[in-house]
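Colleague: Fold the following.
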Amino acid sequence: MITRLKILIIAGFVFISFLPASATDVSGKIIGGTEATDGEYPFVVAILDTTNGATELNQQFCGGTLIAADWVLTAAHCMEDYTTATAISNLRVLAGTNVLSTTASTSGTKVRVSAVYVHESYNSVTFNNDIALLKLSTSLSEDTIDGLSSTTYPAFSVGTLATVAGWGTTAYPDTVHTYPTDLMEVDLPVVSNTTCSEVSGYSMTDNMLCAGYAEGGKDSCSGDSGGPLFVQDGSNYIVIGIVSNGYQCAQPNYYGIYTRVSQYTSWIDGKMNGTTDDGGSTDSGDTDTDVDTVDSGGGGGGGCSASKDGSPIALILMFTAGGIYLIRRRRA
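Modeller: Numbers count the residues shown, from 1 in each chain. Down below sits the predicted model:
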């Protein structure tokens, strides 16, 4: 792998995106959590790149939420490398299983992505508007999330205990490269943006929300990106956030940052119903609408610029009154 170093100095910020030559990345996922019960959250899906290797464990790089039979909600930064039809043709969404296969077989359903919609105002420096939609080439039969948080019914308040789910290493930093195959989950309290800014030094916008514990120890992390932060409202699950970024993972006084879903219901509805323009969209150009549905065989493929075999570390050095902060996007 070729090492790349890119330094940008913008208005007092120094941002470094470092792609290591070796496989010593520190990408991880749910910290301090437990295995989710099989089938407990059928709306949580894995996003795969078939150029990343031969197994689902290697191919998975982000998560997503099934919000309709043929639509997945995820993070914009997960789709930064998927701006061409060729790149999108490598994407698959895996549903119907908690387990990422370590062989060429699969127990879930894999479908192609026909189009990617990244928010037109997404800022890759600040992570503002870190939201994207994937249009699937074939509808899935798995249960979708019951609802989306909205400004009229957010379904949460400060202190509400929310759940985040994803796949990956359960420790930070990830020096051993232990990536569990099973979906992990952890419960985190929602924290006010004011507290998040004051304690963690983050530059928050109304499009973001924070969750986590002041003492650290539990968090989402790199590779959980795009996955849901959700609450249970009676018998219904409501997605309130999308895993976005944060300072390292599970560190004391540094909370995880999530895209605030309630800010985007109109944008989501517009894309799904075709009532807004197609700004920010890219079509796969692939008319093949195959579905890989296998009980004990099938599967295959592998990669993106951030593979688990040697994925890059995306770092941002942020100078604030409190010092220098390393802000990490949470994609594998």
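
Colleague: got the phi/psi numbers for residue 45?
Modeller: Per-residue torsions, residue 45: phi -120, psi 160 (degrees, to the nearest 10).

Colleague: That one: what's it in contact with?
Modeller: For residue 45, the contact set (C-beta atoms under 8 Å, 6 or more residues apart in numbering) comprises 63, 64, 65, 66, 72, 93, 94, 95, 142. From N, CA and C alone the C-beta is placed, and that goes for glycine too.

Colleague: need those residues in CSV with secondary structure and distance to residue 124, can you?
Modeller: Putting the contacts of residue 45 into CSV (DSSP: H, G, I helix; E, B strand; the rest coil; distance: C-beta to C-beta, whole Å) gives the following:
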residue, secondary structure, distance to residue 124
63, strand, 19
64, strand, 19
65, strand, 21
66, strand, 25
72, strand, 20
93, strand, 23
94, strand, 26
95, strand, 28
142, coil, 31
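
Colleague: From those, list the buried ones, please.
Modeller: By neighbour count, with 16 or more other C-beta atoms under 10 Å, the contacts of residue 45 hold 63, 64, 65, 66, 72, 93, 94, 95, 142 as buried.

Colleague: Return the closest of those with respect to residue 101.
Modeller: Nearest to residue 101 among the buried ones among the contacts of residue 45 is residue 94, at 9.0 Å by C-beta to C-beta.

Colleague: and the closest one, what is it in contact with?
Modeller: By C-beta under 8 Å, 6+ apart, the neighbours of residue 94 are 45, 46, 47, 48, 56, 60, 100, 106, 108, 109, 110.

Colleague: Residue 246 falls within a strand, correct?
Modeller: Yes - Residue 246 forms part of a strand when assessed by DSSP: H, G, I helix; E, B strand; the rest coil.

Colleague: Beta-bridge partners for it, please?
Modeller: Residue 246 forms beta bridges with residue 256, residue 328, as assigned by DSSP bridges.

Colleague: Show me where the stretch 201-332 of the chain has its helices.
Modeller: Remark: helices assigned in the stretch 201-332 of the chain by DSSP state H, counting those that start in this stretch are 265-273.

Colleague: Point out where it drops to low pLDDT.
Modeller: For the stretch 201-332 of the chain, the stretches with pLDDT under 70 are 277-280, 284-332.

Colleague: change it to 50
Modeller: Applying pLDDT under 50 to the stretch 201-332 of the chain flags residues 287-326.

Colleague: Same question for the stretch 1-150 of the chain.
Modeller: The stretch 1-150 of the chain contains residues with pLDDT under 50 at 1-29.

Colleague: Can you show me the helices along it?
Modeller: For the stretch 1-150 of the chain, applying DSSP H, counting those that start in this stretch gives helices covering 56-59, 85-88.
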